[in-house]
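> Build the 3D model from these lines:
(4 chains)
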Protein chains: 2
Amino acid sequence: MPTRTAAQRRAEARAAYDAFIAECPTRHLLDRIADKWVSLALAALAGGPMRYSELSRRLAGVSQKMLTQTLRNLERDGLVTRTVTPSVPVRVDYALTPLGENLAGLMRSVKEWAEAHMDDVLTARAAYDDATGAPGSG
Amino acid sequence: MPTRTAAQRRAEARAAYDAFIAECPTRHLLDRIADKWVSLALAALAGGPMRYSELSRRLAGVSQKMLTQTLRNLERDGLVTRTVTPSVPVRVDYALTPLGENLAGLMRSVKEWAEAHMDDVLTARAAYDDATGAPGSG
DNA sequence: CAGTATCCTATCGGATACTG
DNA sequence: CAGTATCCGATAGGATACTG
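Numbering: from 1, shown residues only, chains lettered A, B, ... in the order given. As a prediction, this is how the structure comes out:
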């Protein structure tokens, strides 16, 4: 039996990647970039290259583990470059690649959306909790 | 004792919210919206209102638990509305609020970014894994 | 300075079963 | 149809200690 019709093959070619499909690799990519530390790291680097310690301070409260893990993933995915200067002590600079800059702009918008609409969300939460009689700890 | 100086109060008023600060409530909000299921749900609803079962099918592979949890949070945060039609069987429609539409556009861009640059990322990963000799399972 | 390695707990999130 | 409730393994992610 035929596995795909011509129409299906055409549809596939047009769709290429679709994160709505569970098996699509973009689902994993979306999961990776839709992340608190990723958005903060990219937003920080959007202002220019930064050293590890600078990032650590800028992303207040981030653990070494998460910062390193986030930066490694971003590097592997081609979104940031890691430049080691073998001085003493060693100096490591992180910078956005062109690909990373592309996404950084987007993630900065998301971060700014959160900051701009915090009050609206807080109001909505209060109304919801009031209506449902929920504790509303957040 | 004075809790804040005039300078501090001015700085606060200007900064308002800043997700780079660990204690800022926007940090939690960012963590909530920077999420795979949130971005997919909002992206789906950007096309118009949808029933629970429609969303369940569109977000292929999502479990009832995660879909319901995601929608509840979005409702509580004032990003979507939930409309119950007490027919038999019951019918529930989800739609974006104006606030939700605002964010949905952004999250759709993120989803589309992932789909558009999947190949670039795949190439970068291959190069990274090749250079480091890593297994590169992803 | 810029990590790596290990431990450990909280939460994420799927599977399954049940309900109005 | 649109959920709720429960169980449970996977992993996210902080704390701490150590290293070139």
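> Counting neighbours, what do you get for A:Leu59?
Using other Cβ atoms under 10 Å in any protein chain shown, A:Leu59 has 24 neighbouring residues. (Each C-beta comes from the backbone N, C-alpha and C, glycine too.)
> dump the residue contacts of it.
A:37, A:40-41, A:44, A:67, B:20 (Cβ atoms under 8 Å, 6 or more residues apart in numbering or on different chains).
> now swap in A:Ala46 and tell me
A:96, A:101, A:104-105, A:108.
> Now the buried members of those residues.
A:96, A:104, A:108 (16 or more other Cβ atoms under 10 Å in any protein chain shown).
> who does the lengthiest helix in chain A touch, helix- and strand-wise?
What stands out as the longest helix in chain A, according to DSSP state H, is helix A:98-132. For helix A:98-132, the elements it packs on are helix A:36-45, helix B:25-33, helix B:64-76, helix B:98-132, judged by 3 or more Cβ pairs under 8 Å, 6 or more residues apart in numbering or on different chains; DSSP states H and E.
> right, and those helices - which one's nearest A:Thr123?
For A:Thr123, the closest of the helices and strands packed on helix A:98-132 is helix B:98-132, at 10.0 Å, according to Cβ to Cβ.
> What are the buried residues along the closest one?
Neighbour count says helix B:98-132 has B:99-100, B:102-104, B:106-111, B:113-115, B:117-118, B:120-121, B:124-125, B:128 buried, by 16+ other Cβ under 10 Å.
> Reformat the contacts of A:Leu59 as JSON lines; add distance to DNA strand D, pLDDT and neighbour count.
Formatted as JSON lines, the contacts of A:Leu59 follow (distance: Cβ to the nearest atom of the strand, whole Å; pLDDT from 0 to 100; neighbours: other Cβ atoms under 10 Å in any protein chain shown):
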{"residue": "A:Trp37", "distance to DNA strand D": "6", "pLDDT": "96", "neighbour count": "20"}
{"residue": "A:Leu40", "distance to DNA strand D": "11", "pLDDT": "96", "neighbour count": "26"}
{"residue": "A:Ala41", "distance to DNA strand D": "12", "pLDDT": "97", "neighbour count": "29"}
{"residue": "A:Ala44", "distance to DNA strand D": "16", "pLDDT": "97", "neighbour count": "21"}
{"residue": "A:Leu67", "distance to DNA strand D": "8", "pLDDT": "97", "neighbour count": "18"}
{"residue": "B:Phe20", "distance to DNA strand D": "14", "pLDDT": "95", "neighbour count": "19"}
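> do you know how far A:Ala44 is from chain B?
7 Å (Cβ to the nearest Cβ, to the nearest Å).
> Need the pLDDT of A:Ala7.
With respect to pLDDT, A:Ala7 scores 52.
> Now do the same contact list for A:Ala124.
B:76-79, B:99.
> ranking those by neighbours, who comes first?
B:Leu79 (27 neighbours).
> nearest residue to that one other than its sequence neighbours?
In space, and not counting its chain neighbours, B:Leu79 is closest to B:Gly100: 3.5 Å by Cβ to Cβ, 6 or more residues apart in numbering or on different chains.
> what's that neighbour in contact with, if anything?
B:42, B:45, B:74, B:78-80.
> A:Leu30 too?
A:19, B:36, B:39-40, B:110-111, B:114.
> One more: A:Leu99?
Counted by Cβ under 8 Å, 6+ apart, A:Leu99 has contacts A:78-79, B:117, B:120-121, B:124.
> now do 6 Å
A:78-79, B:120 (Cβ atoms under 6 Å, 6 or more residues apart in numbering or on different chains).
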